[in-house]
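Peer 1: Sharing a model that was predicted from the sequence below.
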Amino acid sequence: MVSYEQKAHYGIEDLREIVKLLRSPGGCPWDKEQTHTSIRNDFLEEAYEAVEAIDLLDMDLMREELGDVLLQVVFHCTLAEEEGAFGFEAVCDEICKKLIVRHPHVFGDVKAEDTDTVLKNWDAIKKETKGQETYADTLKSVARSLPALSRAQKVGKRAARAGMDFRDAKSAFDCVRAERAELDAAISTGDTAMMEEELGDLLFSCVNTARHLGIDAEQALTKATEKFTQRFAQTEQLVAADGKDMPELPIEELDLYWDRAKKAQREAPTE
């Protein structure tokens with residue numbers, strides 16, 4: 001057991017010390033074994049859980065999940081400090097300097113009267129400070145670890161800054177139709193690699209359409225998945241009410257139940 005003062009309230013320095021103690025010889029075996037790579041997915045999971053709390057506007061849950069995200073930051077900083085790479089102070093120093101540099105309209109003499117100007121200045125400063133010499137560099141800098149739809153939408157947005165874009169939502173949707181035809185042709189060949197490529201092109205064109213419609217593709221798919229899940233649950237309930245089991249029914253009969261669930265879902269009163 002390690003020696004540590006119990007408190008009624010803790011701060012960021014306490015969190016940093018607790019993580020160090022967990023990593024110490026008398027600490028936790030699991031914590032001592034972790035590396036940047038081994039807890040990579042934990043960081044993603046905690047970030048997604050924090051986002052879910054934000055979507056729910058659940059303040060208690062948000063407080064908890066933001067704490068879990070902060071733990072991940074402190075943990076990685078502790079690992080880096082042990083490696084002699086950097087510490088928590090260096091992370092704080094860098095983000096403070098970045099915020100000051102990218103807000104010259106607040107900390108300097110640049111004029112920015114509206115959000116559009118702020119964003120244009122931000123992009124220009126970011127491109128310069130990151131040594132991005134071409135528009136292609138800005139596309140390549142979009143994190144590959146982002147969810148595919150989010151990354152595609154961000155890449156499309158940056159390409160648009162160079163003039164490489166559809167004229168409007170209609171022309172973007174025309175591309176969806178063209179890509180669907182190409183996928184149909186690929187399916188007829190049975191070539192898996194070709195089908196994968198054409199399906200990817202179709203999805204990318206759908207994302208571009210979403211961007212031109214002012215819709216977040218990731219959020220749209222999330223809502224569609226949630227709607228499917230709810231409708232599936234209602235379908236299962238209808239099947240069970242008739243004393244049947246879903247896997248035992250032919251798809252044609254399941255479709256009838258699905259249509260009933262769909263109708264009930266649409267007719268349900270909304271708050």
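Peer 2: Yep, that arrived. Residues are numbered from 1 along each chain as shown.
Peer 1: Flag the shaky bits of this protein, pLDDT-wise.
Peer 2: The model of the chain has pLDDT under 70 over residues 269-271.
Peer 1: What residue spans form the domains of it?
Peer 2: Each domain of the chain is listed here as a residue range: 12-95, 219-267, per automatic domain parsing.
Peer 1: I'd assumed His36 was in contact with His76.
Peer 2: Yes - using CB atoms under 8 Å, His76 and His36 qualify as a contacting pair, with a distance of 6.1 Å. Glycine gets a C-beta too; all of them are placed from N, C-alpha and C.
Peer 1: Looking at those two, which one has more neighbours?
Peer 2: Using other CB atoms under 10 Å as the criterion, His76 and His36 rank with His76 on top: 20 against 13.
Peer 1: On the three-state scheme, that one is what?
Peer 2: Secondary structure of His76, reduced to three states by DSSP: H, G, I helix; E, B strand; the rest coil: helix.
Peer 1: State the distance from it to Arg180.
Peer 2: Using CB to CB, to the nearest Å, His76 is found at 43 Å from Arg180.
Peer 1: So Lys110, which state does it fall into?
Peer 2: That one is not Lys; residue 110 is Val. Taken by three-state DSSP, the conformation at Val110 corresponds to coil.
Peer 1: How many residues are close by it?
Peer 2: A total of 13 residues lie near Val110 under the criterion other CB under 10 Å.
Peer 1: Hmm, it is touching Trp122, no?
Peer 2: No - the pair Val110 / Trp122 is not scored as a contact, 11.1 Å apart, by CB under 8 Å.
Peer 1: who touches both of the two?
Peer 2: Residues touching both Val110 and Trp122 by CB atoms under 8 Å, 6 or more residues apart in numbering: none at all.
Peer 1: Relative to Leu249, how far out is Phe86?
Peer 2: Relative to Leu249, Phe86 is positioned 59 Å away (CB to CB).
Peer 1: cool, and Arg266?
Peer 2: When distances are taken as CB to CB, Arg266 and Leu249 turn out to be 23 Å apart.
Peer 1: for Met59, same thing?
Peer 2: Distance of Met59 to Leu249, given as CB to CB: 44 Å.
Peer 1: So for those two, which residue has more residues nearby?
Peer 2: Legend: neighbour count by other CB under 10 Å for Met59 and Leu249, higher for Leu249 (15 against 10).
Peer 1: That one contacts Val239, doesn't it?
Peer 2: Yes - the pair Leu249 and Val239 passes the contact test of CB under 8 Å, sitting 6.9 Å apart.
Peer 1: Now do the shared contacts for these two.
Peer 2: Residues touching both Leu249 and Val239 (CB under 8 Å, 6+ apart): Tyr257.
Peer 1: what about Ala50, neighbour count?
Peer 2: 19.
Peer 1: Secondary structure element holding it?
Peer 2: Using DSSP states H and E, Ala50 maps to helix 40-56.
Peer 1: Just the CA atoms of that helix, as PDB, please.
Peer 2: As requested, the backbone C-alpha atoms of helix 40-56 are provided in PDB (Å, rounded to 0.1, in the frame of the first residue of the first chain):
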ATOM      1  CA  ARG A  40      -4.900   3.900 -27.200                       C
ATOM      2  CA  ASN A  41      -8.300   2.400 -27.600                       C
ATOM      3  CA  ASP A  42      -9.200   3.400 -24.100                       C
ATOM      4  CA  PHE A  43      -8.600   7.000 -25.000                       C
ATOM      5  CA  LEU A  44     -11.000   6.700 -28.000                       C
ATOM      6  CA  GLU A  45     -13.600   4.900 -25.900                       C
ATOM      7  CA  GLU A  46     -13.500   7.600 -23.200                       C
ATOM      8  CA  ALA A  47     -13.800  10.300 -25.800                       C
ATOM      9  CA  TYR A  48     -16.800   8.700 -27.300                       C
ATOM     10  CA  GLU A  49     -18.500   8.300 -23.900                       C
ATOM     11  CA  ALA A  50     -17.900  11.900 -23.200                       C
ATOM     12  CA  VAL A  51     -19.500  12.900 -26.500                       C
ATOM     13  CA  GLU A  52     -22.500  10.700 -25.700                       C
ATOM     14  CA  ALA A  53     -22.800  12.500 -22.300                       C
ATOM     15  CA  ILE A  54     -22.700  15.800 -24.200                       C
ATOM     16  CA  ASP A  55     -25.400  14.600 -26.700                       C
ATOM     17  CA  LEU A  56     -27.600  13.600 -23.700                       C
END
